[in-house]
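Colleague: Need a 3D model of the following:
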Amino acid sequence: MSTPVTETSANAPDFCQGIQHYGEHWPDYERHAARPVIGEGERAIAAADASEAVYQTMLGADALRYLTLQMCGAKASGHPGGYASSADAHAALMMLGHTNVVTEVGHHAPGFYSSMFLDTSLEEMGIKTVQDLRTRFRERHGLLGHLSGAIPGILSPAGPLGQGQHFAMAGALLHPGTLFPFTVGDGGMGEPYVLSAMMHFNTAFPQVTNFLPTLIWNGYSQEHHAMVSTMSDEEMIRYWQGHGFKEVVLVNAKDYDDSGQQGPYVDSTRFSFAQRLAFTQAVLQGVDRAAKSALGGTLTCFVVKQLKGAGVHTVGSKSHNLYPADTLDKAHIIEGLQRRALPPQAWQLVRDNFRRAGGGPAVKTSVTEHVLEMAPLGKLPLVEHAQGEKVVPSTIMGTLVAEVGKRDPRYLVTNADGNEASGMKNINEALKIRHPTSDELYHQTPQGRVYEPLNEDACAGMAAALSLFGSRALWLSYESFAINGWPIVQTVTQAMAELRRKTPSVVCMFTAGALEQGRNGWTHQRPEIENYFAAMMRNGNVYPLFPCDANAIQVAFEWGTNSYNKGVVIIGSKTPLPVYTTLQQATEAVERGAVTLYESSGGTRGTVVLAATGDMVFLPVFAAKDELEQAGYRVRIVAVVNPRRLYRPTDVAWDTVSEPDNQFMDDDHFNTLFDADVLLAISGGPSAALEPVLLRTRAPRRDVLCWKRGETTASPAEIMAFNGLTPEAIVERAAALSGK
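Modeller: Numbers count the residues shown, from 1 in each chain. Below you'll find the predicted structure:
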């Protein structure tokens, strides 16, 4: 059915330059494809059972498969197989006008790029022809191997599995009446929390059903059979029903097979033409039914069961990705392309349909292509606590969180049932926990804005997704457990670094630091995640903040909440601690990176600088100061609050990100803070956050005292002693370094 060519056919549209194979007209082409079924000015097909709509949906699916395979083949790299089995469902969504499509499968990227090419969105980045598509696939400043929201028309990133549902649910929450389908693969179902996260969301927001998980059930994962491949159709339906889904629409390609394929998973592109159309009609009508159900208030999913690799160069896990030998001149790639090749006129028809679907190209119509209007916050009511007063930092920050919630009705706080344990009960009192059971004792109401799924992935995912989609949110967690949710924050902050629009920063606050959790033992003493944050500072838009007291934590929260396209992590204690700064000093520390908390007026044995990150850790630091002064040293205590600002500009990729921030402390101010005969960098957590201080200091003798590991202890003092963070240890090390 196809004729290989090396040049664009004379009657082919200009955008087809680079297509290597064209095919003959399909049967009944003139009757069913004389004109685009989505007319100019229309948003979708008129009816899912119309023969022209079914026919042109199948054309769209094959166009997506062709581009996906040729794009990957051009680089002998990338992942065509998984997307190939989803092409029918994706084409159906497009033709029905549901174009705000999310995926949790990063390996489906070439298919999504093909869709954005066909609807002209990629012209925004200069990709106008198939040759451009081939050239810029998996290249810098082009189409990266896994999805990014930086690509025109793409709503959200997709890399690590198990994240797509968060973006779809956030979109549904922010945009009632708009459907947010997301594709999930067999492998993604095996990730923790995917279905349970949706079940919890539905319990908390039962009226928000306008998201549509679309399972691409193709029997295989990346390198082997999928773990759900042995389920029957009935078992799969019950599996979803067991997680709260009232409507499960399943279309199994096997039911339409007239080609004699063996096994429960089959390739629909091997059917007779009539049965291909029958299968496509079932998919189109099934997606239409599922979409209407989801938009109508019923928790719904759509399942398409079709062999992985359907319609490309091979099937099963062997179709998952291409290797260096899988080039466009190899017989198996050529044969796969020729089977999917379309005539030139069909390419224009598919493009017209996709360009009109949903009201226009995704780059113009997707909800994430526009800045979402937000409620103005104004100046937050910061309270200046007197120096020396003992105040709980987390509780003081909670007061501001509650105020933001009052001023922004969309504001959502996520937490895994631990606000009260973190000294932030005031947030629950003000904003209420969202729960179907009203209970004044526990501050629960069905309309609450504290979202509490009992896993950090779902907490982090919802907060990060809301921020990426343009709304303010806050993730609160124990420092110990935050690692379970951090990967999606990493994904989203990287996406924010690339976005072409402003969006509120991802703001997190982690309490219950290691030093506070003695009696719980090492399970609650896991501050090593701070090294993760510290490593990300060099990305250019990640800011771990270590406010030293209750005044500083207020400034840190206000700064993060009013920032854009950043990842902001605030580390604070839930224990009453002394106030060291004024609000002015705290502002200086957050804006410039660090501030002097104390400096001796005399001393004859040299200057010792104690530079610390944290809040509770200043207890032994100030105690050590007294002993050092008595021994004749001049002591300066410096709070390192925003270490990202203490790097040198060349250390950080600040100029590569959206909303670039090139504020770094200059050498004169840095040296004023950190010049000394001896510098001790001290942390109640790990040492990486202090790297910029150690890189730049001119102190001839320096060392680090920091967290080593956890143990069960009766008090913070004992766990600090176990880790060598006592006044005596500080004094001993400073004296040894000074040599005096």
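
Colleague: Next, count neighbours for the closest residue to residue 660 other than its chain neighbours.
Modeller: Distances taken as CB to CB, 6 or more residues apart in numbering place residue 654 nearest to residue 660, at 5.4 Å, with adjacent residues excluded. (C-beta placed from N, C-alpha, C; glycine too.) Residue 654 has 20 neighbours, counted by other CB atoms under 10 Å.

Colleague: now do residue 492
Modeller: The burial count assigned to residue 492 is 29, neighbours taken as other CB under 10 Å.

Colleague: Just confirm it contacts residue 157, I think it does.
Modeller: Yes. Assessed by CB atoms under 8 Å, residue 492 is found in contact with residue 157 at 6.9 Å.

Colleague: in the protein, which segments are predicted with low confidence?
Modeller: 1-9, 192, 740 (pLDDT under 70).

Colleague: so what are the domain limits for it?
Modeller: Domain ranges of the chain: 2-369, 390-738, per automatic domain parsing.

Colleague: So which of the ones you listed is nearest residue 382?
Modeller: domain 390-738 (4.7 Å; CB to CB).

Colleague: on that earlier part again, which of the domains of the chain sits closest to residue 378?
Modeller: Residue 378 lies closest, by CB to CB, to one member of the domains of the chain: domain 390-738, at 7.1 Å.

Colleague: Kindly present the domains of the chain as CSV, with separate columns for distance to residue 382.
Modeller: Formatted as CSV, the domains of the chain follow (distance: least, CB to CB, whole Å):
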stretch, distance to residue 382
domain 2-369, 29
domain 390-738, 5
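
Colleague: and of those domains, who's closest to residue 383?
Modeller: Closest to residue 383 of the domains of the chain, according to CB to CB: domain 390-738, at 7.1 Å.

Colleague: how long is that closest one end to end?
Modeller: Terminal residues of domain 390-738 are spaced 33 Å apart (CA to CA, to the nearest Å).

Colleague: And stretch 213-231, by the same measure?
Modeller: Using CA to CA, the end-to-end distance of stretch 213-231 comes out at 18 Å.

Colleague: Could you pull out the buried residues of it?
Modeller: 213-222, 226, 228-229, 231 (16 or more other CB atoms under 10 Å).

Colleague: ok now the helix or strand hosting residue 461, how far from the chain's centre?
Modeller: Following DSSP states H and E, one finds residue 461 within helix 456-468. Mean C-alpha position of helix 456-468 versus that of the full chain (CA atoms, centre = their mean, to the nearest Å) differs by 7 Å.

Colleague: What would it look like as CSV? C-alpha coordinates only.
Modeller: C-alpha atoms of helix 456-468 as CSV (Å, rounded to 0.1, in the frame of the first residue of the first chain):
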residue,chain,number,x,y,z
GLU,A,456,4.2,11.7,51.0
ASP,A,457,4.2,11.0,47.2
ALA,A,458,0.5,12.1,47.1
CYS,A,459,1.1,15.1,49.3
ALA,A,460,4.1,16.3,47.3
GLY,A,461,2.5,15.4,44.0
MET,A,462,-0.6,17.5,44.6
ALA,A,463,1.2,20.5,45.9
ALA,A,464,3.8,20.4,43.2
ALA,A,465,1.2,19.9,40.4
LEU,A,466,-0.9,22.8,41.7
SER,A,467,2.1,25.1,41.6
LEU,A,468,3.1,24.0,38.1
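
Colleague: Work out the gap between the next helix or strand after that helix and the centre of the chain.
Modeller: Per DSSP H and E, the first helix or strand lying C-terminal to helix 456-468 is strand 473-478. In terms of CA atoms, centre = their mean, the centre of strand 473-478 is set 15 Å apart from its chain centre.

Colleague: Residues touching strand 473-478, excluding its own?
Modeller: Strand 473-478 has contacts (CB atoms under 8 Å, 6 or more residues apart in numbering) with 401, 404, 411-416, 418-419, 422, 424, 427, 456, 459-460, 462-464, 466-467, 485, 489, 504, 506-512, 524, 561.

Colleague: How about exporting that strand as PDB, limited to the C-alpha atoms?
Modeller: Provided in PDB are the C-alpha atoms of strand 473-478 (Å, rounded to 0.1, in the frame of the first residue of the first chain):
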ATOM      1  CA  ALA A 473       0.200  25.400  47.400                       C
ATOM      2  CA  LEU A 474       2.300  24.200  50.300                       C
ATOM      3  CA  TRP A 475       3.700  20.800  51.200                       C
ATOM      4  CA  LEU A 476       4.400  20.200  54.900                       C
ATOM      5  CA  SER A 477       6.200  17.100  56.000                       C
ATOM      6  CA  TYR A 478       8.600  15.600  58.500                       C
END
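
Colleague: can you count the residues close to residue 604?
Modeller: Residue 604: 8 surrounding residues under other CB under 10 Å.

Colleague: next one: the one 4 residues further on
Modeller: Counted with other CB under 10 Å, the neighbours of residue 608 add up to 31.

Colleague: neighbours around the closest residue to residue 250 other than its chain neighbours, how many?
Modeller: The shortest distance from residue 250 to any non-neighbouring residue, by CB to CB, 6+ apart, is to residue 303 (4.2 Å). Here the count is done by other CB under 10 Å, and residue 303 has 23 residues near it.

Colleague: List the contacts of residue 303.
Modeller: By CB under 8 Å, 6+ apart, the residues touching residue 303 are 214-215, 217, 236-237, 240, 248-251.

Colleague: just curious, which of those is nearest to residue 197?
Modeller: residue 240 (13.6 Å).

Colleague: Tell me, how many residues neighbour the closest one?
Modeller: Counted with other CB under 10 Å, the neighbours of residue 240 add up to 23.

Colleague: and it, how far is that from residue 650?
Modeller: Noted for residue 240: a distance of 52 Å to residue 650, by CB to CB, to the nearest Å.

Colleague: what's residue 211 in contact with, if anything?
Modeller: For residue 211, the contacting residues are 165, 168-169, 171-172, 179-182, 198, 294, by CB under 8 Å, 6+ apart.

Colleague: do residue 662 as well
Modeller: Contacts for residue 662 were tallied using CB under 8 Å, 6+ apart; they are 649, 654-655.

Colleague: Over to residue 169?
Modeller: In this structure, residue 169 makes contact with 180, 197-198, 201, 208, 211, 462, 465, judged by CB under 8 Å, 6+ apart.

Colleague: Using JSON lines, lay out the residues you listed together with distance to residue 519 and secondary structure.
Modeller: Formatted as JSON lines, the contacts of residue 169 follow (distance: CB to CB, whole Å; DSSP: H, G, I helix; E, B strand; the rest coil):
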{"residue": "180", "distance to residue 519": "44", "secondary structure": "strand"}
{"residue": "197", "distance to residue 519": "32", "secondary structure": "helix"}
{"residue": "198", "distance to residue 519": "36", "secondary structure": "helix"}
{"residue": "201", "distance to residue 519": "34", "secondary structure": "helix"}
{"residue": "208", "distance to residue 519": "40", "secondary structure": "coil"}
{"residue": "211", "distance to residue 519": "42", "secondary structure": "strand"}
{"residue": "462", "distance to residue 519": "31", "secondary structure": "helix"}
{"residue": "465", "distance to residue 519": "36", "secondary structure": "helix"}
